[in-house]
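Undergrad: Any chance you could fold what I've pasted below:
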Amino acid sequence: TQAALDVMRDGGNAVDAAVATGFALGSIEPWNSGLGGIGFMLVYLAREKRVAVVDFGPISPQSLDVRDYPLTGGFTTDLFTWPSVLDDRNVHGPKSIALPGVVDGLGLALERFGSMPLRDVLAPAIALADQGMPIDWFLTLKVATMAADLVHYPSTRSIYLPNALPPVSTSATTHLKLTGLAATLRRLASAGRRDFYEGEIAASIANDLRILGGNLTQADLAAYRARIVAPLEATYRDARVFLAPGLTGGASMAETLGELANEKFGRGGPDAHAFVTYAKVLRAAYARRLQGMGEIKDARDPGCTTHFNVVDRDGNMVAVTQTLLSIFGSKLVLPSTGILMNNGIMWFDPAPGKPNSLGPEKRPLTNMCPVIVRRENKPSFAMGASGGRKIFPAVFQITSMLIDHDMSLEAAFHQPRIDASGGETVGVDPRLPAATIDRLKANFPIAFTEHTVYPGNFACPSAVLEDPLTGERSGIGDVMSPWSGAVGEPH
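TA: This is a model prediction of the structure:
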């Protein structure tokens, strides 16, 4: 967030700031996103009064052979409960990697909608990579929870498990260096984004994966192109809601808003009727969404992904969701470049014959759901979340709180929520009023779900908002995340 603000103070716009943040995250929050990740960006262009989508989503490698992923019986439980694959090849390691789109997507956004050169917006990421990650309790926690998988890969183990243990801050070691990352970022700054796909960086990535037994090749990288597409648009009350199209959470969000439009709600915050209605439409949406996927909710879903938003002095807004999918993605840091790669192959159902089944050169169904909303022909808010299957329900509920219940951004983000992202039960925050809990219990099987730092039982949303009356712009991060933040430039 500070990187974004510094870029805007240097004259950059919201897209410049978002791209700086997107790259900086790989140096400071590498378990959620980075150069080896993928994502979607929504951009509201104030001068043109339109929204564009930058799609840098995952695609499976051309040479992927489904015979390399034999089913073994049983189920695996990482983010999704899929049929088990031999050695969990679709979950972690060199064969779990989908084509990484972050570099091309952020670079394309900068080229089309930004105002600064790539080398300038990469500067904060390079400085952070040179400094290393501050070792705090949250970093120790994140590494400790994934240590059993990180230990499998020597290049990963050497960074995140020094002395075979999670890093702990001492008087002598206060920062963790992500070996190789700063040099790779410097190469990008000098050679440009396509070097990642067609140049020296691409050759290093492909060579490492060839040696390690991966599917992704230099030809795959050369063929990858982020793309700019039209948004999916839904009308809700007095608002126009813009969403990422295609295989995201956008279509489900549009469907549920359409169903919610038939309901009448009071002002001041959602009551028992509102939460019962939320649960009904979310459960129906997930029944449709998961019908052909075979995806089953796993109560141990770890939180992952990063979402961030920017609004600038001219009213341009950006909402970006980017991810490695699982925490630490494939768990594999490429030795030559220091890039932690995604495990996007896990988005596919490894069982054959289904719409989302694993295959070559294919886009999987993802959960990302960035949103930009306009009201009264003016930009209103940009929002999204991290948290896997829990993303869309959180974005949906907060959108209703802001539009239907006229809540402030702060009140909406502190409002306890429910989670109805599939499965038999509705997850209920026990801080909800007793009357609301009773009504939910009368309509659905419920399970009390604490909103805690770890595990992440609810999604982690963030947003920026422009007040239509005063023009004042505000922002907020997830109220439970110790690493979320919002910064602003004073008038």
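Undergrad: Can you list the low-confidence ranges for this structure?
TA: Regions of the chain meeting the criterion pLDDT under 70 cover residues 77-80, 291-303, 491.
Undergrad: how much space between the residue nearest the centre of it and Gln322?
TA: When the chain is reduced to its mean C-alpha position, the nearest residue by CA atoms, centre = their mean turns out to be Thr305, at 3.5 Å. Thr305 sits 7 Å away from Gln322 when distances are taken as CB to CB, to the nearest Å. Using the backbone N, CA and C atoms, a C-beta is placed for each residue, glycine as well.
Undergrad: joint contacts of these two?
TA: Counting by CB atoms under 8 Å, 6 or more residues apart in numbering, the contacts common to Thr305 and Gln322 are Ser33.
Undergrad: what about the helices in the stretch 1-150 of the chain?
TA: With DSSP state H, counting those that start in this stretch as the definition, the stretch 1-150 of the chain shows helices at residue ranges 2-9, 14-28, 102-113, 118-131, 137-150.
Undergrad: Identify whichever of those lies nearest to Thr277.
TA: Proximity to Thr277 (CB to CB) singles out helix 14-28 among the helices of the stretch 1-150 of the chain, at 33.6 Å.
Undergrad: Now do the closest one: distance to the chain's middle.
TA: Helix 14-28 has its C-alpha centroid displaced from the chain centroid by 13 Å (CA atoms, centre = their mean, to the nearest Å).
Undergrad: now the angle from that helix to helix 118-131?
TA: Relative orientation of helix 14-28 versus helix 118-131 (axes from the mean of the first three to the mean of the last three CA atoms, to 10 degrees): 20 degrees.
Undergrad: residue boundaries of the strands in the stretch 351-491 of the chain?
TA: 371-375, 378-386, 418-419, 426-428, 446-448, 460-466, 473-476 (DSSP state E, counting those that start in this stretch).
Undergrad: contact partners of the third one?
TA: Okay, so that is strand 418-419. For strand 418-419, the surrounding residues in contact (CB under 8 Å, 6+ apart) are 275, 278-279, 390, 393-394, 397, 426-429, 432, 440, 449, 457-459.
Undergrad: partners of that strand, with directions?
TA: Next to strand 418-419 in the sheet, as set by DSSP bridges, lie strand 426-428 (antiparallel).
Undergrad: ok, Pro231 - contacts?
TA: Leu42, Val51, Ala52, Val53, Phe242, Leu243, Ala244, Pro245, Ile372.
Undergrad: how much space between the second one and Ile38?
TA: Computed with CB to CB, the distance linking Val51 and Ile38 is 20 Å.
Undergrad: same thing with the last one?
TA: Computed as CB to CB, the Ile372 to Ile38 distance reads 20 Å.
Undergrad: hmm, back to that, dump the strands of the stretch 351-491 of the chain to CSV, plus distance to Leu141.
TA: Putting the strands of the stretch 351-491 of the chain into CSV (distance: least, CB to CB, whole Å) gives the following:
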stretch, distance to Leu141
strand 371-375, 30
strand 378-386, 16
strand 418-419, 22
strand 426-428, 22
strand 446-448, 23
strand 460-466, 15
strand 473-476, 23
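Undergrad: Quick one: these as a markdown table, columns for mean neighbour count and distance to Arg119 too.
TA: As requested, the strands of the stretch 351-491 of the chain are arranged in a markdown table below (neighbours: other CB atoms under 10 Å; distance: least, CB to CB, whole Å):
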| stretch | mean neighbour count | distance to Arg119 |
| --- | --- | --- |
| strand 371-375 | 24 | 28 |
| strand 378-386 | 26 | 27 |
| strand 418-419 | 26 | 42 |
| strand 426-428 | 24 | 45 |
| strand 446-448 | 15 | 50 |
| strand 460-466 | 25 | 26 |
| strand 473-476 | 19 | 27 |
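Undergrad: mind checking which of these is nearest Gly73?
TA: Checking these against Gly73 by CB to CB gives strand 446-448 as the closest, at 28.4 Å.
Undergrad: could you list every residue that touches Thr174?
TA: By CB under 8 Å, 6+ apart, the neighbours of Thr174 are Pro134, Ile135.
Undergrad: The same query, at a cut-off of 10 Å, please.
TA: The contact partners of Thr174, taken as CB atoms under 10 Å, 6 or more residues apart in numbering, are Gly132, Met133, Pro134, Ile135, Asp136.
Undergrad: And Leu25, by the same measure?
TA: Each residue near Leu25 by CB under 10 Å, 6+ apart is listed here: 3, 32-35, 37, 102, 125, 128, 306, 308, 320, 322.
Undergrad: how about Arg363, what does it touch?
TA: Listed by CB under 10 Å, 6+ apart, the contact partners of Arg363 are 55, 57-60, 98-99, 246-247, 344, 347-348, 356.
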